[in-house]
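Build me a model:
(one chain, ligands or ions: 2)
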Amino acid sequence: MDRHLAIIGGSGLYQIDGMEEAAWRSVESPFGTPSDEILTGRLGAVRLSFLPRHGRGHVHSPTDVPYRANIDALKRIGVTDVVSVSACGSFREEMAPGDFVIVDPFIDRTFAREKSFFGSGCVAHVSLAEPVCPELSTTARAAAEAAGVRVHDCGTYLAMEGPQFSTLAESRMYRAWGCDVIGMTNMPEAKLAREAELCYASVAMITDYDSWHPEHGAVEITQIIETLKGNAEAARSMVTGIARALSEKPSCEAGCDRALEHAVMTAPEKRDPQVAAKLDAVAGRVLQ
Ligand SMILES: CSC[C@H]1O[C@H](OP(=O)(O)O)[C@H](O)[C@@H]1O
Ligand SMILES: Nc1ncnc2[nH]cnc12
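Ligands and ions are numbered 1, 2, ... in the order given. Modelled structure (predicted):
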């Protein structure tokens with residue numbers, strides 16, 4: 001199967017320019033309505049889709065982003081690879097606003113979200129030891145470097161519930177835990193992409209020092225927006241670079257597309273037909 005790249009655009013990224021045959025398309029999912037219509041088209045030789053995570057005009061809060069509908073809808077239209085582009089705060093002096101981080105690994109501290117496609121009626125357990133696709137992450141890193149920004153090869157991303165930013169005490173605690181960056185959206189998105197057997201990579205754009213830094217004070221949304229604006233051209237160029245690289249590599253060898261191979265525990269005769277029917281796109285390959 002040809003690769004089909006999807007970009008999930010975070011705060012500040014609600015549109016992608018330069019696509020060919022581009023059209024906004026409404027895609028329904030048994031898991032609900034996605035954050036917005038999906039912009040589908042091509043970039044060079046690669047099929048490209050774009051979904052603004054918070055919707056155009058930023059209408060969904062991090063808690064209310066319909067993560068399951070988003071990933072299901074992307075899978076439903078044939079996406080094979082998902083690159084998340086996000087804003088994040090930094091816990092490291094040397095990871096500065098304007099830098100990009102190729103996220104890996106994650107700590108999930110969110111608590112008010114649906115985190116799995118599976119459940120009673122069809123139980124499955126996928127491995128999440130390494131939630132990101134190593135090949136797609138390498139591709140994203142090379143494309144970000146080529147776009148001329150400072151890139152950090154890896155960084156532990158603390159996913160918090162939000163929408164408020166962290167207290168000073170929380171910010172200090174996450175730093176002491178060894179976290180590098182903080183955001184509100186990469187979980188459960190990465191978990192769901194794994195369940196849907198999609199390659200997933202996350203590029204986080206550092207916009208602030210959260211609240212721990214004695215010389216920077218509290219997070220200001222105006223600073224975040226300014227930094228995101230400054231990164232817009234590099235983000236665009238990175239997306240083009242990722243698309244070009246994927247057009248030269250017809251498949252991923254990392255095995256993300258087999259994540260459900262031995263994951264479903266519920267015996268075929270015990271599966272709830274209605275639950276299984278909803279899983280047609282995500283898990284149809286293994287539920288037949
Ligand atoms: C605009 S600051 C807080 C907001 O920005 C990040 O969103 P995303 O990850 O979609 O770029 C962060 O996670 C919060 O949702
Ligand atoms: N400091 C921060 N905390 C959580 N999410 C963010 N997104 C951008 N900066 C952030």
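
all contacts plus neighbour counts: C-alpha atoms, from now on.
OK.

just the strands in the stretch 1-150 of the chain please.
Using DSSP state E, counting those that start in this stretch, the strands of the stretch 1-150 of the chain run over 4-9, 20-25, 38-43, 46-52, 81-90, 100-102, 106-108.

Can you tell me how far the residue nearest the centre of the chain is from ligand 1?
By Cα atoms, centre = their mean, the chain has its centre lying nearest to residue 84, at 3.4 Å. Computed as Cα to the nearest ligand atom, to the nearest Å, the residue 84 to ligand 1 distance reads 8 Å.

got any ranges where this protein has weak pLDDT?
For the chain, the stretches flagged by pLDDT under 70 are 1.

So which residues on it come close to ligand 2?
87, 88, 89, 165, 182, 183, 184, 207, 208, 210 (Cα under 6 Å from any ligand atom).

mind listing what the last one touches?
The contact partners of residue 210, by Cα atoms under 8 Å, 6 or more residues apart in numbering, come to 89, 90, 91, 165, 166, 171, 182, 218, 219.

Now with 7 Å, please.
Remark: with contacts taken as Cα atoms under 7 Å, 6 or more residues apart in numbering, residue 210 is in contact with 89, 90, 91, 171, 218, 219.

With the second one instead?
With contacts defined as Cα under 7 Å, 6+ apart, the neighbours of residue 88 are 181, 182, 183, 204, 205, 206, 207.

I figured the third one was touching residue 158, is that so?
This means residue 183. Yes - when contacts are counted by Cα atoms under 7 Å, residue 183 is listed as touching residue 158 (6.4 Å).

Looking at the two, which is more packed in?
Higher neighbour count among residue 183 and residue 158: residue 158, with 27 against 23, using other Cα atoms under 10 Å.

three-state assignment of that one?
What DSSP: H, G, I helix; E, B strand; the rest coil gives for residue 158 is strand.

Check the gap between it and residue 238 for me.
Going from residue 158 to residue 238 by Cα to Cα, to the nearest Å gives 24 Å.

One more: residue 185?
For residue 185 relative to residue 238 (Cα to Cα), the value is 20 Å.

Same check on residue 190?
Taking Cα to Cα as the measure, residue 190 falls 20 Å from residue 238.

Then residue 114?
Separation of residue 114 from residue 238 (Cα to Cα): 30 Å.
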